[in-house]
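Asks: Can you look at this prediction? I've put the sequence above it.
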Amino acid sequence: MRISRRASAISASSTLALDARVKTLIRSGADIVNMAVGEPDFSSPLGVQSAAVAKVQSGNVRYTAPSGTIELREAIGAHLEATRGRRYGSDEVVVCHSCKHALSGAIQALVEEGDEVLLPLPAWVSYVELVRLAGGSPVEVPPEGGAKPDLAALEAAIGPATRGILLNTPNNPSGYLWTRADLEAVCALAREHDLWILSDEIYNRLVFDGAEFVSPITVAPDLADRIAILDGASKAFAMTGYRVGYLAGPQDLVAAVARLHSQTTGSPNAVSMEAFRAALVEEPPEVQVMVDEYARRRARLLEGLAELGLEYVRPDGAYYAFPKVAEYCDERGVQGFCEDLLEEEGLALVPGDAFRLDGYVRLCYALSFELLGEALERLGRFLARRRAQV
Ligand code: PLP
């Protein structure tokens, strides 16, 4: 069967592929500590589970509008007012099958053939492929020191074909939390050069040590006609398998995404929408318990990385760290580093080139405190051997 050029040109998500490989190894009995997975290791809150069960048992699980139920869109609007300082009406929100689905819909709706989209690096694995799938050209802009957006470089990268910028705060893979000053600068660029901003805020609830999450819409409410927020249930509520997310932004973009989805995926999952609504309305106490536990693990991980002498930009959010390991890599680069680490020590990390930055590795600390200690020991042994080889 001949596969279209469009589909052939798309590579599979390298993090999902790596995760599948690691899980197969674990099933075959290998002793592996998996720090490659990017998903919470907690159950979703009890209130969420009950809402899903109640919806199933209501016997009323039917198609809804392609943009999702009005009740969930209203709950999202109220949630955004509380957390981002701007209330979105129900016609400014489209519920999607996930945050990834919201991103793909937004990019399909905004990007024309040949348009350039700025991607501050490191960038989550799917961004480049989603822009290419829409016929656009991703313009990758390296950061300062492995994580901090380089605003001068972003400005220098703007050309006649630049249409928008896709940013992610807190960032996967670095955990970097965009500061108010970063966002003000990027919003000034959008204002001056007539760009849209897609802001992937899927980790916004996972911030630590009193750090403040800020959204571009909060610093620049005057740009509401060109900023879209992308978020969902997966991370803060440990609801990855429910597959529900949303886009909030200008009405014409929301309507375009709903039109696209009406022809491609149809209305979102009615059970997941009820569960997500319960999560937003009830504010389950389990969320703070999870955040506190991530904070404890983060402190342990950062202490361990410092003891190993690895450099990193402090991750204030999400559940990742992104240290530099370039001096431990041979000619196979960071891919070879991760392969050897998996082979020799049974520790799975994601090579930074998956996020378009070589010389770094992503460690996910969504795993138990005990396993975290074990992972640091394995990493320490591996680095000591590498140091001895150099
Ligand atoms: N955006 C970023 C930056 C992510 O890391 C992820 C998941 O890993 C997603 C979006 C996707 O979230 P969802 O599960 O809602 O598709």
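Replies: Perfect, thanks for sending it.

Asks: only C-alpha atoms for contact and neighbour calcs from this point on.
Replies: Fine.

Asks: Pull up the gap between Arg347 and Gln335, please.
Replies: Not Arg; residue 347 is Leu. 13 Å (C-alpha to C-alpha, to the nearest Å).

Asks: the more surrounded of those two?
Replies: Leu347 (25 against 22; other C-alpha atoms under 10 Å).

Asks: show me the contacts for the more buried one.
Replies: By C-alpha atoms under 8 Å, 6 or more residues apart in numbering, the contact set of Leu347 is Ile32, Val33, Asn34, Met35, Leu341, Ala375, Arg378, Leu379.

Asks: give me that answer again for 6 Å
Replies: Ile32, Val33, Leu341 (C-alpha atoms under 6 Å, 6 or more residues apart in numbering).

Asks: Spatially nearest residue to it (excluding sequence neighbours)?
Replies: Nearest non-adjacent residue to Leu347, counting by C-alpha to C-alpha, 6 or more residues apart in numbering: Val33, 5.0 Å away.

Asks: Could you do Ala256 as well?
Replies: Closest residue to Ala256 apart from its sequence neighbours, by C-alpha to C-alpha, 6+ apart: Ala109 at 6.2 Å.

Asks: Is that neighbour part of a helix or strand, or is it coil?
Replies: helix (DSSP: H, G, I helix; E, B strand; the rest coil).

Asks: and the gap between it and the ligand?
Replies: Distance of Ala109 to the ligand, computed by C-alpha to the nearest ligand atom, to the nearest Å: 18 Å.

Asks: for the ligand, what are the nearby residues on this protein?
Replies: Gly38, Ser98, Cys99, Lys100, Trp124, Asn172, Asp200, Ile202, Gly232, Ser234, Thr240, Gly245 (C-alpha under 6 Å from any ligand atom).

Asks: which ones among the residues you listed are found in strands?
Replies: Counting by DSSP state E, the residues of the chain next to the ligand place Asp200, Gly232, Gly245 in strands.

Asks: Ranking by neighbours, what's the top pick from the residues you listed?
Replies: Result: Gly232 is most packed of these (other C-alpha under 10 Å), 28 neighbours.

Asks: picking that back up, which one of the contacts of Leu347 is nearest the ligand?
Replies: Val33 (18.8 Å; C-alpha to the nearest ligand atom).

Asks: Check what pLDDT that closest one gets.
Replies: With respect to pLDDT, Val33 has a value of 95.

Asks: Repeat that for Ala12.
Replies: 77.

Asks: can you check Val390 too?
Replies: Val390 is given a pLDDT of 62.

Asks: what do you get for Leu260?
Replies: 97.

Asks: same thing with Glu39?
Replies: 91.

Asks: what's near enough to touch it?
Replies: Applying C-alpha under 6 Å, 6+ apart, no residues contact Glu39.

Asks: ok, so what distance separates the nearest residue to Phe276 once chain neighbours are set aside from Met239?
Replies: Among residues not flanking Phe276 along the chain, Ala233 sits closest, at 6.3 Å (C-alpha to C-alpha, 6+ apart). Separation of Ala233 from Met239 (C-alpha to C-alpha) stands at 6 Å.

Asks: Which of the two has more residues huddled nearby?
Replies: Set Ala233 next to Met239 and count neighbours by other C-alpha under 10 Å: Ala233 wins out with 27 against 24.

Asks: So which elements touch whichever strand or helix holds Leu247?
Replies: According to DSSP states H and E, Leu247 maps onto strand 245-248. Under the contact definition 3 or more C-alpha pairs under 6 Å, 6 or more residues apart in numbering; DSSP states H and E, strand 245-248 sits against strand 93-96, helix 99-110, strand 227-232.

Asks: residues touching Pro170, list them.
Replies: Tyr176, Leu177, Tyr203, Gly317, Ala318.

Asks: give me the element it is part of.
Replies: Applying DSSP H and E, one finds Pro170 in no helix or strand.

Asks: With adjacent residues omitted, what lies nearest to it?
Replies: Nearest one to Pro170, counting by C-alpha to C-alpha, 6+ apart, is Leu177 at 4.4 Å.

Asks: Please verify my assumption that the one you found contacts Leu167.
Replies: No - counting by C-alpha atoms under 6 Å, Leu177 does not reach Leu167; the two are 10.8 Å apart.

Asks: all helices for the stretch 251-390 of the chain, in order.
Replies: 251-264, 270-282, 286-307, 333-345, 369-389 (DSSP state H, counting those that start in this stretch).

Asks: For Val48, find the nearest of the ones you listed.
Replies: Among the helices of the stretch 251-390 of the chain, helix 270-282 comes nearest to Val48, with 4.9 Å by C-alpha to C-alpha.

Asks: Also compute the angle for the closest one relative to strand 227-232, please.
Replies: If you take axes from the mean of the first three to the mean of the last three C-alpha atoms, to 10 degrees, helix 270-282 sits at 110 degrees to strand 227-232.
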